[in-house]
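Novice: sequence? don't have it. structure:
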C-alpha cells in the first residue's frame, strides 16, 4: 500500500494577512482593496468575508498573530533549563526584541502602512488601541508590574520607548537589527532612569506625608501653648 503524505491545511486568515502585507510592501496601503487582497491570497471574496470585514481588521488579526508568536517564544525561552535569571529591564528588552524579530519579514509593508496611518489619523487611532493591548501582553511576558499610578507611568514610558524604537526598526534594513537593538536598549535605559527619579520623588513625598501625620495632634485638635 502506497504511503500517503498528509498535508497541513492552510489557515485562510493567515493567507489573507500574508497576502495583504505582501501587497503593502509593493503598493500604497491606501490603494489596496479587499478584492486585491483576496486575489493575491488566491481566495474568493466569500472566503475572505468570514474572517475579515476590513483592512483594519486584517491588521488586527496580524497583530494578534504576532502577539501569540512572541508570547510562545518568550515562554519557551523562560522554560529552557539554561535560561538566565534577568532583571526587569533585560526581560523587557528580550521580549520586545522577539517582537521586532517576528515583525522583520514584514518591515517594508509596515513602513508603508505607518505612512498611511499618518495620513488617516482615525485609522492610526484604531491600530494604536490594538498596539496598547499588545504592549500589555508584552509586559506580562516580561513580568513587569504596571499596577497603580507608578505602574501607569511605567507603562507610558515603555510605550514611548517602544514607539521610538519602532521608528528606527522601520528604517533598519540590517539582518541582525543592530540599530534597533541599540535604540531599544538606549530608550529603555533612559526610561529606567526617569522612572527611578519618579519613584524617589514619590517615596520622599510619602515619607513627608507620614511624618506630617505623626506630628499632627490626636483627634485633629489644635495644639495649645504650654
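Specialist: Sure, I can see it. Predicted, not measured: the structure shown is a model, and the values here were computed from it.
Novice: excluding its backbone neighbours, what's nearest the residue nearest in space to the middle of the chain?
Specialist: The C-alpha lying nearest the average C-alpha coordinate of the chain belongs to residue 135 (C-alpha atoms, centre = their mean; 3.7 Å). Nearest non-adjacent residue to residue 135, counting by C-beta to C-beta, 6 or more residues apart in numbering: residue 159, 5.8 Å away. For glycine as for every other residue, the C-beta is placed from the backbone atoms N, C-alpha and C.
Novice: got it, and residue 184?
Specialist: residue 165 is the one closest to residue 184 (C-beta to C-beta, 6+ apart), at 4.2 Å.
Novice: The one you found: what's it in contact with?
Specialist: 96, 100, 180, 183-184, 187 (C-beta atoms under 8 Å, 6 or more residues apart in numbering).
Novice: before we move on, what SS does the closest residue to residue 106 other than its chain neighbours have?
Specialist: Spatial nearest neighbour of residue 106, chain neighbours left out: residue 21 (4.8 Å); criterion: C-beta to C-beta, 6+ apart. Under the three-state scheme (DSSP: H, G, I helix; E, B strand; the rest coil), residue 21 adopts helix.
Novice: From residue 187, how far off is residue 12?
Specialist: 38 Å (C-beta to C-beta, to the nearest Å).
Novice: which of these two has more neighbours?
Specialist: residue 187 (21 against 15; other C-beta atoms under 10 Å).
Novice: So what does the more buried one look like in phi/psi?
Specialist: phi -70, psi -40 (degrees, to the nearest 10).
Novice: was I right about it contacting residue 164?
Specialist: Yes - the pair residue 187 / residue 164 is scored as a contact, 5.1 Å apart, by C-beta atoms under 8 Å.
Novice: now what about stretch 177-191, what contacts it?
Specialist: Contacts of stretch 177-191 (C-beta under 8 Å, 6+ apart): 89, 92-93, 96-97, 100-101, 104, 157-158, 160-162, 164-165, 168-169, 171-172.
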